[in-house]
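Chemist: Test case, fold it:
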Amino acid sequence: MKKAEMGRFSISPDEDSSSYSSNSDFNYSYPTKQAALKSHYADVDPENQNFLLESNLGKKKYETDFHPGTTSFGMSVFNLSNAIVGSGILGLSYAMANTGIALFIILLTFVSIFSLYSVHLLLKTANEGGSLLYEQLGHKAFGLFGKLAASGSITIQNIGAMSSYLFIVKYELPLVIQALMNIEDKNGVWYLNGDYLVLLVSLVLILPLSLLRNLGYLGYTSGLSLLCMVFFLIVVICKKFQIPCPTEDGSILNETMNSTLALAPYLASNVTNAGSCQPRYFIFNSQTVYAVPILTFSFVCHPAVLPIYEELKGRSRRRMMSVSKISFFAMFLMYLLAALFGYLTFYEHVESELLHTYSSVMKTDVLLLVVRLAVLMAVTLTVPVVIFPIRSSITHLLCAAKDFSWWRHSLITVSILAFTNLLVIFVPTIRDIFGFIGASAAAMLIFILPSAFYIKLVKKEPMRSVQKIGAVFFLMSGVVVMIGSMALIVLDWVHDASAGGH
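Modeler: From the prediction side, this is the model:
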């Protein structure tokens, strides 16, 4: 899910990213062990912010001008892991099914390394640029254009994260209700229609929570979300050894399978040849283009890096990079296991949302029902957390000098939620959300913006230095990834539309 995917750390979930500016839209009050969302330096003239905290400046200046961090190393790892993991994890098996095991591992490795490298660039830029706000770094580097680029990318990423969460509600809630009420035929039953349920959940649960001025207990949903994803991973691994693979004639390899499994639709639609149960290592097809965007969507955590860095006890760039390396390695393993075991369960028949794939095979399984309920609860409570920074960014851009207004506060909230609901209702699959956001906003946040800010703001390194040349190549690779992925995805949409697929 990374997230994913948004700025999900101890106060939010992938999973995903947000604009962490200080304004009257909300007032966070969390335990000191959790990473703060708002900057402690917002009231300081940005041009006079003298961050960075080099050890030779003396500890006294460090502690008086900039508050010392209070979050332990371990808690910071947990926070950053929360910021990485998200709904993107549900699409990784689909990516593997359309790339093959070997190519997927290669892509996963490169995307994780590139994401970690961009964190390195971002931390060094924050040190040299004198700000722990992503948008402020953009403003320092390129003026209003840089600020809008950073704010816009974070907002689009967050809207994509919200959409992916509501897609999970659309896909999974009807199945949960159907299983709990033991309904066989859902045709014509309005409360089993995913579109109606998304609107109902948005109005009854998400909107009231989103209208609050203080996040309160919602800040803890990130921890719940991470636990849900770990539980989801455990179930995916276990189900690999319980769900049989069909043979060419449709018989079941495991004749002792529980008789409650509804395998008929799975067999009828998925059995094509005897080799369908053989893993493939390199695959190239029309859906392969979605692999890199899904992976980039799953690793976006960069707007959360700076607030976590701000709160890190014994704050230093080297210490924060250690936090990042551990978090990225843990999420790399988690993503790899989830993708691998999901793929080895369904092979090329994995749907774009893995959890939904199980509904074709196991409709009455209690363990899967518990997973669905846990994931649904986590994502439902996470959507309001994601709305807060989006609304804050919009308010800051449009009317920063105005006093708080409940009318404006409510109008922006309703507009954001309505727009996201329209996306979820009219966009065909969650794959399109993962693909588009991953190719656009996620590519900006991972590749383009950190390298561009680094090149512009880090003055002590000449352009011919290895570091600057590396950043230039990283920037160029990000542009290629974004343009190439977007072009291929749009071509796939056009082809599907002409073929009647959309």
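
Chemist: Tell me which helix or strand comes right after the lowest-mean-pLDDT helix or strand in the chain.
Modeler: Taking mean pLDDT, DSSP states H and E as the measure, the chain has helix 59-65 as its least confident helix or strand, at a mean of 35. Beyond helix 59-65 on the C-terminal side, the first helix or strand identified by DSSP states H and E is helix 73-84.

Chemist: okay, that next one in CSV with CA atoms only?
Modeler: Presented in CSV, the C-alpha positions along helix 73-84 are these (Å, rounded to 0.1, in the frame of the first residue of the first chain):
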residue,chain,number,x,y,z
PHE,A,73,16.3,5.5,16.6
GLY,A,74,13.9,2.5,16.7
MET,A,75,10.8,4.6,16.7
SER,A,76,12.1,6.6,13.8
VAL,A,77,12.6,3.3,11.8
PHE,A,78,9.0,2.4,12.7
ASN,A,79,7.7,5.8,11.6
LEU,A,80,9.6,5.7,8.3
SER,A,81,8.4,2.1,7.6
ASN,A,82,4.9,3.4,8.2
ALA,A,83,5.5,6.2,5.7
ILE,A,84,6.7,3.7,3.0
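
Chemist: what's the next secondary structure element after the host helix or strand of Ser118?
Modeler: Ser118 belongs to helix 101-129 when assigned by DSSP H and E. Following helix 101-129 in sequence order, the next helix or strand is helix 134-181 (DSSP H and E).

Chemist: Now do that following helix against helix 101-129, angle only.
Modeler: If you take axes from the mean of the first three to the mean of the last three CA atoms, to 10 degrees, helix 134-181 sits at 140 degrees to helix 101-129.

Chemist: Find out how far helix 134-181 is from the centre of the chain, if you would.
Modeler: 8 Å (CA atoms, centre = their mean, to the nearest Å).

Chemist: Which SSE is immediately downstream of it?
Modeler: Immediately after helix 134-181, counting by DSSP H and E, sits helix 194-201.

Chemist: Can you give me the buried ones in that following helix?
Modeler: Gly194, Leu197, Val198, Leu199, Val201 (16 or more other CB atoms under 10 Å). (C-beta placed from N, C-alpha, C; glycine too.)

Chemist: Enumerate the positions of the next helix or strand along the chain from that helix that are buried.
Modeler: Under the assignment DSSP H and E, the closest C-terminal helix or strand after helix 194-201 is helix 207-210. Going by neighbour count (16+ other CB under 10 Å), the buried part of helix 207-210 is Leu207, Leu209, Ser210.

Chemist: any chance of those in TSV, plus pLDDT and distance to Val466?
Modeler: Formatted as TSV, the buried residues of helix 207-210 follow (pLDDT from 0 to 100; distance: CB to CB, whole Å):
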residue	pLDDT	distance to Val466
Leu207	92	51
Leu209	86	49
Ser210	88	47
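
Chemist: Just the closest of those residues to Val386, please.
Modeler: Ser210 (9.2 Å; CB to CB).

Chemist: Contact partners for Phe447?
Modeler: Phe114, Ser118, Phe474, Leu475, Ser477, Gly478, Val479, Val481, Met482 (CB atoms under 8 Å, 6 or more residues apart in numbering).

Chemist: Tell me the confidence at it?
Modeler: Looking at Phe447, its pLDDT stands at 93.
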